[in-house]
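Chemist: here you go, sequence then predicted model.
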Amino acid sequence: MKTLSNDKITLQIAEHGAELVSINVNNTEYLWQGDPKFWGRHSPVLFPIVGRVWNNQYHHEGITYELGQHGFARDMDFQLTYEEDNALIYTLESSQETLNKYPFPFVLEIGYRLKGNRIEVMWSVQNTGDKDMYFQIGAHPAFYYRDLDLTTHKRGYLDFGKKHTDLEYISPAEKGCVSDKRHILHTENGIMELTSDTFMCDTYMFDNSQLQKITLMDKEQKPYISLEFSSPLVAVWSPSAVHPDVPFVCIEPWYGRCDKVGYHGEFKDREWMQHLAPNKSFTTSYSIIIEDIE
């Protein structure tokens, strides 16, 4: 476990999954602490897929592979390969273990940098093989509701930064995969109230770069944490359909998503796939901003 801190924020990052496991400000924890009663993770990195492939199987060049939800990177130990006062980088390289599930040589780097009240999360994917590589990558951080009161249904609000705009979304339909059905989210001035009933659809997936920032607010609509991102998709999830008293919500920038129900095509032809030629790299980042500190 490594610690990054400045005069505002203290972070803890685990080598397992290169996962951010704590965001602490003035003895207040912002990041969900992984109680397995609800969900045993904190902020896993999703790679080389986001969501599920149909029946946990996919097909590439005539071979069928087995791969579980969100891929394998979150369950593997990374190596710390760079460290300075305000930044860390962890690295995972492909191995025979990964090639048995995902036949593409790669180097995956996950980095964290502190800048004032901003946490920059950095991703780099390198194709180290001699053939084209196909992948997805995504984030899955979970944040506590502020001042949770289980005697009420109210949990807080999300500000999508889109005034007077309805948003299109899709949700899981079967076995964690989606159908062609699209839904419209009607917001009040770009703000969505969160209650114990909000996530009866399980997950809201907003695609086509509809959003670039989401702010989590308390029950008085005071902002306390934001995510800024450039990903084409972002999801919002909480397991409150199963656990109405769940104390967190996830805000998840994604470069990819799950299969359509019944998809049996080639892995490279899945929707929202990222493509890398040999010896090429994909780099991106998103930011977590603590809004209620100077």
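Modeler: Yep, that arrived.
Chemist: can you name the residues that contact the residue lying closest to residue 225 once chain neighbours are set aside?
Modeler: Leaving aside its sequence neighbours, residue 225 sits nearest to residue 216 (Cβ to Cβ, 6 or more residues apart in numbering; 4.8 Å). Just so you know, the C-beta spots here come from the backbone N, C-alpha and C atoms, and that holds for glycine as well. Under the criterion of Cβ atoms under 8 Å, 6 or more residues apart in numbering, the neighbours of residue 216 are 143, 156, 157, 158, 223, 224, 225, 226, 249, 251.
Chemist: please apply the same query to residue 238.
Modeler: So residue 238 contacts 194, 198, 199, 246, 248, 249, 250 (Cβ under 8 Å, 6+ apart).
Chemist: 10 Å instead, please
Modeler: Listed by Cβ atoms under 10 Å, 6 or more residues apart in numbering, the contact partners of residue 238 are 32, 38-39, 142-143, 145, 155, 194, 196, 198-199, 202-203, 246-250.
Chemist: over to residue 205?
Modeler: 50-51, 168-172, 178, 182-183, 233-237, 252, 254, 257-258.
Chemist: report pLDDT for it.
Modeler: Residue 205 carries a pLDDT score of 98 in this model.
Chemist: from residue 254, how far out is it?
Modeler: 8 Å (Cβ to Cβ, to the nearest Å).
Chemist: okay, and the common contacts of these two?
Modeler: 50, 51, 233, 234, 235.
Chemist: my guess is residue 272 contacts residue 209. True?
Modeler: No: assessed by Cβ atoms under 10 Å, residue 272 is found out of contact with residue 209, at 11.5 Å.
Chemist: neighbour count for those two, which is higher?
Modeler: In this view residue 272 and residue 209 are compared by other Cβ atoms under 10 Å, and residue 272 has more residues nearby, 16 against 12.
Chemist: now do the buried residues in stretch 31-46.
Modeler: Under the neighbour-count criterion of 16 or more other Cβ atoms under 10 Å, stretch 31-46 has 31, 32, 38, 39, 41, 42, 43, 44, 45, 46 buried.
Chemist: tell me which element the fourth one falls in.
Modeler: The reference is to residue 39. Under the criterion of DSSP states H and E, residue 39 resides outside all helices and strands.
Chemist: and for the last one?
Modeler: Using DSSP H and E, residue 46 falls within strand 45-46.
Chemist: contacts for that strand next, please.
Modeler: 17-20, 69-74, 78, 90, 92, 108, 110, 121, 123, 136-141, 252, 254-257.
Chemist: what's the following helix or strand after that strand?
Modeler: From strand 45-46, the next helix or strand downstream (DSSP H and E) is strand 57-60.
Chemist: who does the helix or strand that comes right after that following strand pair with, and is each partner parallel or antiparallel?
Modeler: Tracing the chain past strand 57-60, the next element assigned as helix or strand by DSSP H and E is strand 63-66. Sheet pairing here is set by DSSP bridges, and for strand 63-66 it gives strand 57-60 (antiparallel).
Chemist: returning to that earlier point: so what sits against both of residue 272 and residue 209?
Modeler: In contact with both residue 272 and residue 209: 231, 232, 233, using Cβ under 10 Å, 6+ apart.
Chemist: I'd like to know which of those are buried.
Modeler: Burial by neighbour count, 16+ other Cβ under 10 Å: within these this picks out 231, 232, 233.
Chemist: which residue, other than its chain neighbours, is closest to the first one?
Modeler: What sits nearest to residue 231 in space, not counting adjacent residues and going by Cβ to Cβ, 6+ apart, is residue 253, at 4.1 Å.
Chemist: so what's the one you found up against?
Modeler: Counting by Cβ under 10 Å, 6+ apart, residue 253 has contacts 121, 123, 137-141, 211-212, 214, 227-235, 284-287.
Chemist: any idea what it is bridged to?
Modeler: residue 234.
Chemist: gap between it and residue 233?
Modeler: Taken as Cβ to Cβ, the span from residue 253 to residue 233 is 8 Å.
Chemist: so what sits against both of these two?
Modeler: Shared contacts of residue 253 and residue 233, counting by Cβ under 10 Å, 6+ apart, come down to 138, 211.
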